[in-house]
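# how would this look folded up:
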Amino acid sequence: MASENDLLNNDSERALDEIERHRRAIYERVSDYLDENELSEAVAAAILLDMAVRMRMTAYGISVANPSIAGVKMEMDRFRRDVDTLIALAKRNAEDFIRTIKTARAENPETQACG
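This is a model prediction of the structure:
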């Protein structure tokens, strides 16, 4: 298995495939948890966002020799840029997403929105 730094700093197809494999596995576990606890995707998104921020702060705190307030603030600025990039990508792919979600809803009426 690739090291963490190899995965994060490598755009090779193999590294991207490895990240996608992990993303799918985590997604499945979270989806199962949501089903078991009858939580919505919106609640999950809020919880996962909070967890992501805290995990990024923790990663900073344990990865530097002398963590500082200024350092964690800079790390949060870097993280915001990463999140902004992900949101921009999601917006660019909105048409494909809507097409996919409409197809999935048509194939499975149980996924229809309430109200």
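# so which bits of the helix or strand containing Thr85 are buried?
Secondary structure assigned from DSSP states H and E places Thr85 in helix 69-92. Neighbour counts over helix 69-92 (16 or more other C-beta atoms under 10 Å) mark 72, 75, 79 as buried. (C-beta placed from N, C-alpha, C; glycine too.)
# the first one and Ser63: what is the separation?
By that I understand Val72. 11 Å (C-beta to C-beta, to the nearest Å).
# cool, the second one as well?
In this view, Glu75 and Ser63 are 9 Å apart by C-beta to C-beta.
# what's the spacing between stretch 38-55 and its chain's center?
In terms of C-alpha atoms, centre = their mean, to the nearest Å, the centre of stretch 38-55 is set 10 Å apart from its chain centre.
# ok, residues contacting that stretch?
30, 33-34, 76, 79 (C-beta atoms under 8 Å, 6 or more residues apart in numbering).
# report pLDDT for Ala42.
We have a pLDDT of 97 for Ala42.
# what is the neighbour count of it?
Each residue near Ala42 was counted by other C-beta atoms under 10 Å, and the total is 8.
# can you show me the helices along this protein?
According to DSSP state H, the chain carries its helices in the segments 4-8, 13-37, 41-63, 69-92, 94-107.
# tell me which residues touch the closest residue to Tyr60 other than its chain neighbours, please.
Closest residue to Tyr60 apart from its sequence neighbours, by C-beta to C-beta, 6 or more residues apart in numbering: Glu75 at 4.1 Å. Contact analysis of Glu75 by C-beta under 8 Å, 6+ apart lists 56-57, 60.
# count the residues that sit near Ile47.
Ile47 has 14 nearby residues by other C-beta under 10 Å.
# Met76 versus that one, what's the distance?
19 Å.
# with Ala90 instead?
21 Å.
# over to Leu16?
Look at Leu16 and Met76: by C-beta to C-beta, they are 26 Å apart.
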